[in-house]
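# quick check, what structure comes out for this input:
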Amino acid sequence: MEEDCCATQLIDGNGTFNVAGLENFIKTIKLADCGLSYAVVAIMGPQSSGKSTLLNHLFRTNFREMDAFRGRNQTTKGIWIAKCIGIEPCTIAMDLEGTDGRERGEDDTTFEKQSALFALAISDIVLINMWCHDIGREQAANKPLLKTVFQVMMRLFSPRKTTLLFVIRDKTKTPMEHLEPLLREDIQKIWDAVSKPPAHKDTPLSEFFNVEVTALSSYEEKEEQFKEQVAQLRQRFFHSIAPGGLAGDRRGVIPASGFSFSAQQIWKVIRENKDLDLPAHKVMVATVRCEEIANEKLNQLTSDEGWLALDEAVQYGPVSGFGKTLSSILETHLSEYDTEAIYFDEGVRNAKRQQLESKALNFVQPAYITMLGHLRSRTFEKFKNELEQSLNRGEGFAASVRKCSQSSMLEFDRGCADAAIHQANWDSSKVREKLRRDIEAHASSVCSAKLSEMKATYEKQLDERMIEPIESLFEAGGQDTWASIRKLLKRETDNAVSEFSTSISGFELDQSTVEKMLQELRDYARSVVEKKAREEAGKVLIRMKDRFSTVFNHDHDSMPRVWTGKEDIRAITKDARFASLKLLSVMSAIRLDEKPDKIENVLLSSLMDGTVSAQSSQKSIEASHDPLASSTWEEVPPKNSLITPVQCKSLWRQFKAETEYTVTQAISAQEAHKRTNNWLPPPWAILAIIVLGFNEFMLLLKNPLYLMAFFVIYLVSRALWVQMDIPGQFRHGTLAGLLSISSNFVPTIMNLMRKLAEEASGRPTPEPQRQPESLANQNFRNQMASSAPISRTMPGSSVSTNLSSTEDGNEYSSPKLTHRRYADVAESEPM
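The predicted model follows:
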């Protein structure tokens, strides 16, 4: 398929630029892919001089040609462009409207100048079509054209060197050796005659143009020869942009991708009749075009599938190879920019590349920051896990923190290196510093928690090892109570401090901190003693009463006392009160500093010597000398005081009042015991009865009936004695015993008679027989009965007490104190 030249009208006859047509032309011939490897060839000349015909034969274009049979008139209007077929590199042919045309008139040369300036601004090679017979003529048709070219050339600021190829048409027999000098001479004259700016007044023509001359035969008369010469000329356009080529000067050339915008801006400046600054125009085109390319690449980056996938992945966690992947994506788009913008002005190109790179980096930086955040979080979590595992293995805290911190920071640095982007020099030190602070804060928190836990453990250990022993020592309340407490405190404190010091050695704390913590542990141990002492001081009255009860109711062998009447209750009471007072003195103050005090002596002298129990008159006299009339103890700091002297005095009064009843009960028990054991007459009375009743005794021996009667009376009396428990009735007093016996005498007699009748009739009672009560049991019951008044708390409890016994078959009830005996009367008789 033959290649299409895509002839397009670039500018119409009215000067309107065909932007859409040019864009379509560039897209069709793929000019944007050529970079700088393209050339532009323009042709200028008089109207109907065969310009379009020459271009069509020279470049195989299809510009419209004049129909000679219809007359000589304007064929090309405005400016047309087409691609040169078969020419490498890509070459664009530009066909300009002919000059000196009848259609525009003699005075309308504005468009001629504008189109000439436009052609010179964008073309590498300008073909000037002229007739051979005009050479050497003063008023030839080519002179106005050359003047126009040279005049507009002055309007180009710092123009590039353009090749002017003069094509002599319809060459005659005159040799080229004679035609070319004449032509060059005419050109020089025209150049000298053109007014120039002061800067270029003496500038030779060769500084602006490369002048080339060629000749062609007449197309109408010598067509074949014309075509052969055109074919030879065509060869000169191959590789025209190469060094030494027809268009060798490529300074200021616009890259192909900016050709459209450059052409539009050049024509716009020309139409506004402004001087055309080509270098500035080149920079302007490069700026606009590079910015377009940069924006295009940035948009491509934002929609890049690889980038979108990477950005989505990094939102959920660290991405391995993040930096390498993102650098590759950025490099791809930046390389594309470099490829497309390589032919534009270097300064502009680099500046726009930097802007593109900056925008691209700003666009991807949030993902990088997110990546660093994930790295920091992951590293921090790993540090916490490794530290916990290391501590669980029993490794030292400080060593574990150092090891885990170093490994974590090293891993973070490796992650940052992996996430680093080659195009950016982003600083991750802030994130690293934040990670380091987080690690230090967590290590400090764990350290504080571990130390607090260890401290609490040893404090609990002190509690477990000290509270119960201290409580036991306070209960004992001996002379050496506080000495034992001090010894216990020192032993347990030393053990706890030693163990705690060993435990915290792995934390590598500074000496002052260690000493402070050990001192806090010692202070805690002391506070345990003080707290327990204050707690026990609040129960001192109960302790005193318990001590009094223990000493008062038990002998030296710790056996319960039986008040038989032989005990010295006054002495026992004094001993019990002395023991209680010693307990009060022990609990009066905290004595952990081994400083002597006079608390015990003051209490003994003030309370045991009768100061408190003295009469009110004596109190008023001696009030000023009372050592207990104070709120502090001598030689005892107020903070170590548990019970003040005034409180001791009040407690002692309350103590005596609450223990007075116990003493009274003991005295009553003694008296009752004496009465119980003194129911027999005195020994002298017994002796008198024996002496005076000798005759009656002998009478009984001589008369068995009397003896039998007395024996029966004895049996009945014995039965009544046992049934009514005569000794037991008199334990509570004589009056009470008599009343009880009188109220139960008749029922007891009736009960005995009924039982005798039942025995006589052969109907024994279903009650099981009771074995005789042993002497030991009787003694034990007597002892319990004698000590009962002491253990009772109410005075009338002896009357209201109910006692039942299933072992001996006896039942007692009050207030009637009914006594029933289920055993047979005969069993009470001696065997």
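# check the residue in the chain sticking out farthest from the centre and give its pLDDT.
Distance to the chain centre peaks in the chain at residue 702, reaching 119.1 Å (criterion: Cα atoms, centre = their mean). You'll see residue 702 listed with a pLDDT of 74.
# for residue 695, see how far away it is.
11 Å (Cβ to Cβ, to the nearest Å). (Each C-beta comes from the backbone N, C-alpha and C, glycine too.)
# for residue 438, same thing?
123 Å.
# more neighbours, the two?
Neighbour count, other Cβ atoms under 10 Å: between residue 438 and residue 695, residue 438 has more, with 16 against 7.
# in which helix or strand would I find the residue nearest to the more buried one when sequence neighbours are not counted?
Closest residue to residue 438 apart from its sequence neighbours, by Cβ to Cβ, 6 or more residues apart in numbering: residue 380 at 5.3 Å. According to DSSP states H and E, residue 380 maps onto helix 346-392.
# so which elements touch that helix?
helix 278-302, helix 305-314, helix 322-341, helix 397-419, helix 429-476 (3 or more Cβ pairs under 8 Å, 6 or more residues apart in numbering; DSSP states H and E).
# let me see the contact set for residue 594.
residue 486 (Cβ atoms under 8 Å, 6 or more residues apart in numbering).
# repeat that for the one 10 residues further on.
Shown here is residue 604, whose contacts under the criterion Cβ under 8 Å, 6+ apart are 578, 581, 585.
# rebuild the helices and strands packed on helix 346-392 as JSON lines, extending it with mean pLDDT.
Converted to JSON lines, those look like this (pLDDT from 0 to 100):
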{"stretch": "helix 278-302", "mean pLDDT": "84"}
{"stretch": "helix 305-314", "mean pLDDT": "93"}
{"stretch": "helix 322-341", "mean pLDDT": "91"}
{"stretch": "helix 397-419", "mean pLDDT": "92"}
{"stretch": "helix 429-476", "mean pLDDT": "91"}
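# between those helices, which one is nearest to residue 691?
helix 429-476 (61.4 Å; Cβ to Cβ).
# so the residue nearest to residue 438 is in contact with residue 436, correct?
No: with contact defined as Cβ atoms under 8 Å, residue 380 does not reach residue 436; the gap is 10.1 Å.
# in helices, which of the contacts of residue 604 appear?
Of the contacts of residue 604, the ones assigned to helices by DSSP state H are 578, 581, 585.
# the last one contacts residue 603, doesn't it?
Yes: between residue 585 and residue 603 there is a contact under Cβ under 8 Å: 4.9 Å.
# can you report how many residues lie near residue 708?
Counted with other Cβ under 10 Å, residue 708 comes out at 11.
# burial measure for residue 111, as a count.
Around residue 111 there are 20 residues (other Cβ under 10 Å).
# same deal with the one 3 residues further on?
Neighbourhood size, residue 114 [other Cβ under 10 Å]: 18.
# now stretch 210-219, how far from the centre of its chain.
87 Å (Cα atoms, centre = their mean, to the nearest Å).
# what does it contact?
Contacts for stretch 210-219 (Cβ under 8 Å, 6+ apart): 50, 53-54, 132, 161-171, 176, 179-180, 183-184, 187, 205, 225-226, 229-230, 233, 246, 248-249.
# can you show me the strands along the chain?
Applying DSSP state E to the chain gives strands spanning 8-11, 38-44, 79-83, 90-96, 125-131, 156-157, 162-169, 209-215, 276-277, 803-804, 811-812.
# would you mark the buried spots in the second one?
So that's strand 38-44. The neighbour-count check on strand 38-44 (16 or more other Cβ atoms under 10 Å) flags 38-44 as buried.
# same question for the fifth one.
Of all the residues in strand 125-131, those buried under the rule 16+ other Cβ under 10 Å are 125-131.
# how about the residues you listed in JSON lines, adding distance to residue 492 and pLDDT?
Below are the buried residues of strand 125-131 laid out as JSON lines (distance: Cβ to Cβ, whole Å; pLDDT from 0 to 100):
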{"residue": "125", "distance to residue 492": "111", "pLDDT": "91"}
{"residue": "126", "distance to residue 492": "113", "pLDDT": "90"}
{"residue": "127", "distance to residue 492": "117", "pLDDT": "91"}
{"residue": "128", "distance to residue 492": "119", "pLDDT": "88"}
{"residue": "129", "distance to residue 492": "122", "pLDDT": "86"}
{"residue": "130", "distance to residue 492": "125", "pLDDT": "84"}
{"residue": "131", "distance to residue 492": "130", "pLDDT": "82"}
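# including distance to residue 465, could those go into TSV?
Putting those into TSV (distance: Cβ to Cβ, whole Å) gives the following:
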residue	distance to residue 465
125	110
126	113
127	116
128	119
129	122
130	125
131	130
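# just give me the closest of the residues you listed to residue 297.
For these, the nearest to residue 297 is residue 125 (33.9 Å; Cβ to Cβ).
# who touches that closest one in this structure?
39-42, 162-163, 165, 237, 240, 246-247.
# and the gap between it and residue 214?
With Cβ to Cβ as the criterion, residue 125 and residue 214 are 12 Å apart.
# can you check residue 474 too?
133 Å.
# before we move on, back to that, filter the contacts of stretch 210-219 down to the buried ones.
Buried by 16+ other Cβ under 10 Å: 50, 53-54, 132, 161-171, 179-180, 183, 187, 205, 226, 229-230, 233, 246, out of these.
# what is the neighbour count of residue 392?
Neighbour count of residue 392, defined by other Cβ under 10 Å: 9.
# per-residue confidence for residue 202?
77.
# phi and psi next, for it.
According to degrees, to the nearest 10, the main-chain angles of residue 202 amount to phi -110, psi 10.
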